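S.K.: Predicted model and sequence below, questions to follow.
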Amino acid sequence: MMSAGFTPLTTARLTLRPLVAADAPALHRLINDWEVCRNLAGVPFPYPRALADEWIAASAKDLALGRAYHLAITGDEEGREILVGGVGLRVDHERRLGRLGYWVGRRFWGHGVACEAAGRMAAWSLAHLDLDRLEAVAATDNRASLAVLRRIGFRETGRETQNFLARGGSQPVVVHEVRREDIFGHPEAARDEAAPEGAKPLLLVAACALIDSDGRVLLARRPEGKKMAGLWEFPGGKLAPGETPEAALIRELQEELGIDVAAACLAPFAFASHAYERVHLLMPLYLCRRWRGFVTPREGQALAWVRPEKLSEYRMPPADLPLVPMLRDFL
């Protein structure tokens with residue numbers, strides 16, 4: 001029975017889903033292979049059949065508790081699902097860190113499965129979990145895994161040794177790291193040819209703090225695929241050429257949340273001015289207490305109505321952070 005709390009992830013060819021008891025025989029056949037086990041630090045060789053059942057049961061518990069996400073990598077072969085390998089993420093909530101790992105059965109090597117599955121897992125975790133970065137390690141002689149990590153955006157941060165059960169001792173490994181901006185990038189703006197040399201393009205964005213009758217403020221989480229995915233922000237968006245901040249907000253709030261807002265209900269409150277790596281962002285923040293319709297996430301984003309004193313507990317883009325204490329004190 002599959003976990004009811006996790007929606008499988010998909011790619012062009014693969015599905016990443018929670019492991020189930022019925023996966024045990026196929027998992028054992030694929031992983032009980034010296035060429036696979038030798039590259040997995042915590043896996044013994046030979047790999048006992050009973051360990052597959054224990055691993056699947058433990059993975060289900062970890063998933064339910066949010067401690068780790070160990071998923072089956074499956075594909076389609078002549079209309080039937082087949083197990084290809086596994087991908088996992090252990091979560092250190094205190095450090096806001098995820099540790100990524102993966103393996104692929106030898107039969108499926110050389111087909112880009114590891115890149116596709118590990119890249120999807122990395123993007124999903126940074127967009128949906130409260131993490132700042134991911135780490136991954138690979139043995140120095142595991143050239144295939146080192147190449148996978150480079151291709152999906154990881155960069156080397158150091159070297160150390162790690163115990164490998166199958167090899168019976170410590171082995172040198174390369175430590176890698178990836179951050180949200182490495183996968184999703186920084187905000188971008190069109191280049192102004194008339195700008196002074198060396199000046200960053202100016203990105204104009206309007207944002208709105210929607211305030212409900214209980215004094216709570218609406219935050220929206222940037223969905224996977226957008227710049228800075230996974231961070232919480234005040235709803236809004238870029239100004240189109242010739243568009244006023246008020247007009248941009250009326251348009252964005254309708255498109256993103258399905259609500260109608262009148263310009264008279266938008267009260268200018270403060271503004272943010274922040275230099276990102278490639279652009280300088282200028283963002284006026286408006287307050288709004290009245291709108292028509294029901295707030296609905298139309299772009300797959302998560303929404304949260306947050307008490308002012310709790311706003312600082314949500315990970316936000318750097319430009320939004322200075323606005324939080326001002327808004328909290330005002331409300």
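M.R.: Perfect, thanks for sending it. Numbers count the residues shown, from 1 in each chain.

S.K.: Report pLDDT for the residue nearest to Ser312 when sequence neighbours are not counted.
M.R.: Take Ser312 and drop its neighbours on the chain: the residue closest to it by C-beta to C-beta, 6 or more residues apart in numbering is Val324, 5.6 Å away. Quick note: C-beta positions are derived from backbone N, CA and C, even for glycine. Val324 carries a pLDDT value of 94.

S.K.: so Val324 touches Arg315, yeah?
M.R.: No: the criterion here is C-beta atoms under 8 Å, and Val324 misses it with Arg315 at 11.5 Å.

S.K.: shared neighbours, the two?
M.R.: Counting by C-beta atoms under 8 Å, 6 or more residues apart in numbering, no residue touches both Val324 and Arg315.

S.K.: picking that back up, the residue nearest to Ser312 belongs to a helix, doesn't it?
M.R.: Yes: looking at Val324 with DSSP: H, G, I helix; E, B strand; the rest coil, it is inside a helix.

S.K.: Would you check how far apart it and Leu149 are?
M.R.: 35 Å (C-beta to C-beta, to the nearest Å).

S.K.: And the two? Which one has more around it.
M.R.: With neighbours defined as other C-beta atoms under 10 Å, Val324 and Leu149 compare such that Leu149 has more, 26 against 16.

S.K.: which parts of the helix or strand harbouring that one are buried?
M.R.: For Leu149, the host element (DSSP states H and E) is helix 143-151. Neighbour-count burial for helix 143-151 flags Ser145, Leu146, Val148, Leu149 (criterion: 16 or more other C-beta atoms under 10 Å).

S.K.: Could you measure from Leu97 over to Leu129?
M.R.: With C-beta to C-beta as the criterion, Leu97 and Leu129 are 10 Å apart.

S.K.: Mutual contacts of those two, please.
M.R.: With C-beta under 8 Å, 6+ apart as the test, Leu97 and Leu129 both reach Val91.

S.K.: hmm, back to that, please tell me how far the helix holding Leu149 is from the chain's geometric centre.
M.R.: How far helix 143-151 lies from its chain's middle: 20 Å, per C-alpha atoms, centre = their mean, to the nearest Å.

S.K.: Can you pull out the residues in contact with that helix?
M.R.: With C-beta under 8 Å, 6+ apart, helix 143-151 has contacts from 39, 102, 109, 114-115, 118-119, 136, 138-140, 174, 176.

S.K.: Tell me where the stretch 101-250 of the chain has helices.
M.R.: Ranges of helices in the stretch 101-250 of the chain, per DSSP state H, counting those that start in this stretch, are 113-128, 143-151, 180-184, 245-257.

S.K.: what angle separates the first one from helix 143-151?
M.R.: It refers to helix 113-128. Here helix 113-128 runs at an angle of 40 degrees relative to helix 143-151 (axes from the mean of the first three to the mean of the last three C-alpha atoms, to 10 degrees).

S.K.: Please state the offset of the helix or strand containing Leu287 from the chain centre?
M.R.: According to DSSP H and E, Leu287 maps onto strand 280-288. What separates the centre of strand 280-288 from the centre of its chain is 25 Å, taken as C-alpha atoms, centre = their mean.

S.K.: so what does it touch, helix or strand wise?
M.R.: strand 202-210, helix 245-257, strand 267-275 (3 or more C-beta pairs under 8 Å, 6 or more residues apart in numbering; DSSP states H and E).

S.K.: list the buried ones in the last one?
M.R.: Looking back up the chat, that one is strand 267-275. By neighbour count on 16+ other C-beta under 10 Å, the buried set for strand 267-275 is Phe269, Ala270, Phe271, Ala272, His274.

S.K.: got it, and the first one?
M.R.: Using 16+ other C-beta under 10 Å as the test for burial, strand 202-210 gives Leu203, Leu204, Val205, Ala206, Ala207, Cys208, Ala209, Leu210.

S.K.: domain parsing for this structure?
M.R.: 9-183, 202-330 (automatic domain parsing).

S.K.: coming back round to it: for Val279, find the nearest of the helices of the stretch 101-250 of the chain.
M.R.: helix 180-184 (12.7 Å; C-beta to C-beta).

S.K.: Send me that closest one as CSV with only the CA atoms.
M.R.: Provided in CSV are the C-alpha atoms of helix 180-184 (Å, rounded to 0.1, in the frame of the first residue of the first chain):
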residue,chain,number,x,y,z
ARG,A,180,18.3,26.8,-4.3
GLU,A,181,19.8,29.4,-6.6
ASP,A,182,22.1,26.8,-8.2
ILE,A,183,18.9,25.0,-9.5
PHE,A,184,16.3,27.7,-9.8
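
S.K.: just checking, what packs against it?
M.R.: Using 3+ C-beta pairs under 8 Å, 6+ apart: helix 180-184 touches helix 113-128.
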